[in-house]
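Sharing a model prediction with you, sequence too.
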Amino acid sequence: MLLENMSYKEVEIYLQEKDTVLVPIGSVEQHSPYGLIGTDFITAEAVAREVGKRLDLLVAPTLPYGMSQHHMGFKGSITLSPQTYISVIKGITTSFLEHGFQRIIYINGHGGNINPTKVAFDQLKYEGNRGIYQIISWFLLEDVLTLAKELFQDLEGHHATPSEVSITKFLRPEAFEGKSTQPKKVEKPQYYWPLNKDEFKKLFPDGRMESAPWLATEKYGKLILEEAVRATINEVRNILKMEVV
Ligand code: NI
């Protein structure tokens, strides 16, 4: 059930039975010469919409832009500041709260969104808001990590991973025409975190972080997406069992 295709009357009817909404969040940032700039929001949206379909839950429009300051050394990346991102998450959450939603679940495709999203939740609670706010990052779920390890061993890495690139290859094969597929060396430099954009580019000059995205295939993408959906459903079911106090 997609919010963007509903009327307010239909939302009123939904709210008579349910109090949950899934909000896909991602980023618009470089994913090396091997992957799509939209990778993180494309994957989060696919996971959220499939979970919404299987659990009969409302899915909000995707927030594509994220907190991606460390990728700004690469053309086409777009970032919101951490402060702006916190405000955006607060604005989306309070809008749903105002209309009676009580479980607002962000389905996330990008690591850089996690800290500001959690700060937004803290701020909402500090301000006295009720309800359950959660962020589920599909790529960090244990079953997904296990599958990635099985498929790619220690070449999954942390950015422009073969897992996320596989999912986008499965979803948008035509977008991969002309993208690089040439294997390269996988460097594992010592680094601290966070990094600014210049530090990031110095350590990871082609935008990958310890990953081998050339291993990505459509077939793996189908498998990983299914595992991500399954694992996310487990998380969402646990949230649905919680009592809102
Ligand atoms: Ni990504």
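On my side now, so go ahead. Numbers count the residues shown, from 1 in each chain.

near the ion, anything from the longest helix belonging to the chain?
Longest helix in the chain, counting residues (DSSP state H): helix 218-241. No - applying Cβ under 5 Å from the ion, one finds helix 218-241 out of contact with the ion, separated by at least 12.9 Å. Yep, even glycine has a C-beta here, placed from its N, CA and C like the rest.

I'd like to know which elements that helix is packed against.
Under the contact criterion of 3 or more Cβ pairs under 8 Å, 6 or more residues apart in numbering; DSSP states H and E, the helices and strands touching helix 218-241 comprise strand 20-25, helix 39-55, strand 103-108, strand 132-137, helix 142-152, helix 162-171.

Can you redo those as CSV, where the extra columns are mean pLDDT?
Shown next, in CSV, are these (pLDDT from 0 to 100):
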stretch, mean pLDDT
strand 20-25, 99
helix 39-55, 99
strand 103-108, 98
strand 132-137, 98
helix 142-152, 98
helix 162-171, 98
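
Could you dump those into a markdown table with mean neighbour count and distance to the ion added?
A markdown table is the format used below for these (neighbours: other Cβ atoms under 10 Å; distance: least, Cβ to the ion, whole Å):
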| stretch | mean neighbour count | distance to the ion |
| --- | --- | --- |
| strand 20-25 | 25 | 12 |
| helix 39-55 | 23 | 4 |
| strand 103-108 | 26 | 10 |
| strand 132-137 | 20 | 11 |
| helix 142-152 | 16 | 13 |
| helix 162-171 | 25 | 5 |
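
Can you get me a residue count around residue 184?
14 (other Cβ atoms under 10 Å).

Also the one 3 residues further on?
For residue 187, the number of neighbouring residues by other Cβ under 10 Å comes to 13.

Pull the contacting residues for it.
The contact partners of residue 187, taken as Cβ atoms under 8 Å, 6 or more residues apart in numbering, are 204, 210.

Next, the residue lying closest to residue 34 once chain neighbours are set aside: phi, psi?
Counting by Cβ to Cβ, 6 or more residues apart in numbering, the nearest residue to residue 34 once its immediate chain neighbours are dropped is residue 213, at 3.7 Å. Here is the backbone geometry of residue 213 (degrees, to the nearest 10): phi -60, psi -20.

Please apply the same query to residue 2.
When read as degrees, to the nearest 10, the backbone of residue 2 gives phi -100, psi 130.

and the nearest residue to it once chain neighbours are set aside, how many neighbours?
Of all residues beyond its chain neighbours, the one nearest residue 2 is residue 59 (5.5 Å), with distances taken as Cβ to Cβ, 6+ apart. Counted by other Cβ under 10 Å, the residues lying close to residue 59 total 23.

please begin residue numbering at 488 from this point
Sure, I'll start numbering at 488, so the last one becomes residue 546.

who's in contact with residue 546?
488-490, 508-511, 535-536, 538-539.

partner residues bridging it?
Going by DSSP bridges, residue 546 is paired in beta bridges with residue 489, residue 509.

any idea how far residue 695 lies from residue 705?
As defined by Cβ to Cβ, to the nearest Å, residue 695 lies at a distance of 20 Å from residue 705.

More neighbours: which of those two?
Using other Cβ under 10 Å as the criterion, residue 695 and residue 705 rank with residue 695 on top: 24 against 16.
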